[in-house]
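Visitor: Give me a 3D structure for the following:
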Amino acid sequence: MSRSYSTQDVRAQVLGNLLGHGDDEFTAHVKQHIKPENVCYLGVNDASKWEQQRMQALGLRNISPTQLAQEVSAPLLQWFKATGAKYLAIHLDLDVLDPSLFRALLFSNTDYPVRHI
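Guide: Model prediction:
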């Protein structure tokens, strides 16, 4: 692992590994990769160009804050039904809810240096 990663890369590393598109050494430990069509982002505000490109390239669904405000849960329920899954796992980045309330979290804590891998 010789590449250095930015904070946005670090956030994406775990999902990338679960999808089978991460670092070979880590990805090898994932027994069953997640299908990209079974991933849905909710309420992503101002995704960077890099994030937009990755979501599009991998086929990851994104339901915008505007869609959620207008249609409430309908887009999420439609997506979930289309996956055919029985269970739904939800991951929340707590620091995006209110960074001032979650200062101790790695990416919210500006005093914590991002390690270069």
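Visitor: I'd like the secondary structure assignment at Tyr41, please.
Guide: Assigned with DSSP: H, G, I helix; E, B strand; the rest coil, Tyr41 falls in the strand class.
Visitor: The closest residue to it other than its chain neighbours and Glu25: what is the separation?
Guide: Take Tyr41 and drop its neighbours on the chain: the residue closest to it by CB to CB, 6 or more residues apart in numbering is Asn62, 4.4 Å away. C-beta: built from backbone N, CA, C; applies to glycine. Distance, Asn62 to Glu25, using CB to CB, to the nearest Å: 29 Å.
Visitor: So for the two, which residue has more residues nearby?
Guide: The neighbour comparison of Asn62 against Glu25 (other CB atoms under 10 Å) goes to Asn62, with 16 against 9.
Visitor: strand partners of the helix or strand hosting the more buried one, parallel vs antiparallel please.
Guide: Assigned by DSSP states H and E, Asn62 falls within strand 61-63. Partners of strand 61-63 in the sheet, by DSSP bridges, are strand 40-42 (parallel).
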